[in-house]
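**Student:** Sharing a model that was predicted from the sequence below.
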Amino acid sequence: MIQKILFSQPQPATEHNPYSRLADQFDVQCDFYQFIHIEGLEAREFRQQRINPLDYTAVILNSRLGIEHYFRLCEEMRLNVPDSMHYYCSSEQVGLYLQKFIQYRKRKVFFPETGNKFEDLLPAMHRRPSEKYLMVVSDIHTNDQINMFAENGIHVTPAVMYRTVTTPWPADKPFDYDLIALFTPAGAKALQENFPEWQQGKTLIAAFGEGTIRALQEEGYRVDIEAGQGKEFASLPMAIADYLEKNA
């Protein structure tokens, strides 16, 4: 019987959220603890990659974090990002976040008109064949997007600007959950690092996204509930609610 669920992410800021509805509907306790946190690389660490951001005419960005650490590192290295820099973003939300750092002009910020697929940026990229692309990534990343660009004749240089670090589990906090919900591959790694001797047993694990599912399986865990693109449910709360309803 499921009574306690742990979601590996920050607690929602408001009471009106799918987790509260889940708790009310099925009379379960929902706890939140972020297994991972982000640390930016220091300038001296970044220089070891032998990448000069000013050697590029365009930056590819897939998150607000990427934007923040790109401009932070440029400032720390005393690099003045030119007004002529182009920005290719994974979504409109990411693109609009650039307004915190640059004078926003549509002719130098590009994002997909619908959704968040980098493939939709290819027409804009092909119109600028002389562009040199730098892509901001974390230390934990796949080459899927970089390979996609390469297959379409666009060379992209990845630049690691921040890292994902395991957050230690508090020593005085019991780890006695009936279901653990993880959202990222890094979260799967953090689970193993925090509890190297832990045996899953009857504890259920819910995972969002194929990358997280693969990472959990590689760590030797059993994935009982799945959600994400291509799955029956788009979100973990929805998938967990379905499971609880069917196994009441």
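**Tutor:** Thanks, I have the structure now.

**Student:** longest helix of the protein?
**Tutor:** Ranked by number of residues, the top helix in the chain under DSSP state H is helix 64-76.

**Student:** which residues are in contact with stretch 177-197?
**Tutor:** If you take Cβ atoms under 8 Å, 6 or more residues apart in numbering as the criterion, stretch 177-197 is touched by 1-9, 31, 35-36, 140, 164, 166-169, 175, 198, 202-209, 211-212, 214-216, 218-219, 221, 225, 236, 240. Backbone N, C-alpha and C define where each C-beta goes, glycine included.

**Student:** Show me which residues of stretch 89-102 are buried.
**Tutor:** 89, 90, 91, 94, 95, 97, 98, 101 (16 or more other Cβ atoms under 10 Å).

**Student:** re earlier: identify all contacting residues around the next helix or strand after the longest helix of the chain.
**Tutor:** Counting by DSSP states H and E, the element after helix 64-76 in chain order, helix or strand, is strand 86-89. Identification of contacts with strand 86-89 by Cβ under 8 Å, 6+ apart yields 57-62, 95, 98, 102, 108-111, 118, 121, 124-125, 128, 131, 133.

**Student:** Contact partners for residue 163?
**Tutor:** Here residue 163 is in contact with 38, 39, 40, 41, 138, 139, 140 (Cβ under 8 Å, 6+ apart).

**Student:** want to throw these into JSON lines with distance to residue 71?
**Tutor:** Output for the contacts of residue 163, formatted as JSON lines (distance: Cβ to Cβ, whole Å):
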{"residue": "38", "distance to residue 71": "15"}
{"residue": "39", "distance to residue 71": "16"}
{"residue": "40", "distance to residue 71": "11"}
{"residue": "41", "distance to residue 71": "13"}
{"residue": "138", "distance to residue 71": "16"}
{"residue": "139", "distance to residue 71": "19"}
{"residue": "140", "distance to residue 71": "21"}
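
**Student:** Pull out the buried members of the residues you listed.
**Tutor:** Neighbour counting by 16+ other Cβ under 10 Å classes 40, 41, 138 among the contacts of residue 163 as buried.

**Student:** How about the backbone phi and psi for the closest residue to residue 228 other than its chain neighbours?
**Tutor:** For residue 228, ignoring the flanking residues on the chain, the nearest one in space by Cβ to Cβ, 6 or more residues apart in numbering is residue 209 at 4.2 Å. Geometry field for residue 209 lists phi and psi as phi 90, psi 150, criterion degrees, to the nearest 10.
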